[in-house]
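A.B. asks: model this:
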Amino acid sequence: MQNDGTATLTKSLFRMQVGVSIKVQAPPQKIWSLLTNARQFPSWNSTIRSIDGTIALGQTIQLKTTTAERIFKLKVSRFEPNARMVWQDGAAPMFQGVREFTLTPESGGSTVFMMTETFSGLMLPMIARSLPDFRPTFERYAADLKVAAERA
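C.D. replies: Next up is the predicted model:
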């Protein structure tokens, strides 16, 4: 995956993954603070309408996006401050969505932000065509995060 903010898509019968990676001129701590402040999320991220709840390990958050009418109830299943976080929904083996955020520090104070979402399960072949193309939304998400994190 390139670090230029261009999203990728890979598909197989029971698995689909969308990802984006972008280099941000900010330390991981600054990016992490944006990613874990539920109340402030919509102020910098144009793809999110709201997040209710606390973004912390074991917590369930309620996410409203600009692209779907439903409320996503996501469990924070991994939470490594300033490095990695995972949100998930659904139940294996039928259908599950797992979004992973990764922050990799680089020399000079920059950070590579990577976000992937993997959809998998026995029901995926039946519903894959009804899922939107997530690439434009992932690109917007990464671009919004870069702008917010690079603000002085």
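A.B. asks: could you tell me how many residues sit around Ile51?
C.D. replies: The local packing of Ile51 (other CB atoms under 10 Å) involves 21 other residues. Any C-beta I mention is one placed from the backbone N, CA and C, and that applies to glycine too.
A.B. asks: the residue lying farthest from the centre of the chain: what secondary structure?
C.D. replies: Centroid-distance maximum for the chain: Gly108 at 24.8 Å, with CA atoms, centre = their mean. When classified by DSSP: H, G, I helix; E, B strand; the rest coil, Gly108 comes out as helix.
A.B. asks: equivalent analysis for Val98, please.
C.D. replies: Applying three-state DSSP: Val98 is strand.
A.B. asks: mind checking pLDDT for it?
C.D. replies: What the model reports as pLDDT for Val98 is 98.
A.B. asks: ok, now Ala152?
C.D. replies: As predicted, Ala152 sits at a pLDDT of 62.
A.B. asks: next one: Ala92
C.D. replies: 86.
A.B. asks: wait, isn't Met114 in contact with Lys23?
C.D. replies: No: contact criterion CB atoms under 8 Å: Met114 and Lys23 do not qualify, at 10.3 Å.
A.B. asks: so who does the residue farthest from the centre of the chain touch?
C.D. replies: Neighbouring residues of Gly108 by CB atoms under 8 Å, 6 or more residues apart in numbering: there are none.
A.B. asks: quickly find the element holding Met114.
C.D. replies: strand 111-120 (DSSP states H and E).
A.B. asks: which neighbours does that strand have in its sheet, and in what orientation?
C.D. replies: strand 15-24 (antiparallel), strand 95-105 (antiparallel) (DSSP bridges).
A.B. asks: so can I have a markdown table of these showing mean neighbour count?
C.D. replies: Shown next, in a markdown table, are the strands paired with strand 111-120 (neighbours: other CB atoms under 10 Å):
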| stretch | mean neighbour count |
| --- | --- |
| strand 15-24 | 20 |
| strand 95-105 | 18 |
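A.B. asks: of the ones you listed, which is nearest Ala149?
C.D. replies: strand 15-24 (5.0 Å; CB to CB).
A.B. asks: that older thread, give me the pLDDT for the residue farthest from the centre of the chain.
C.D. replies: Gly108 is given a pLDDT of 93.
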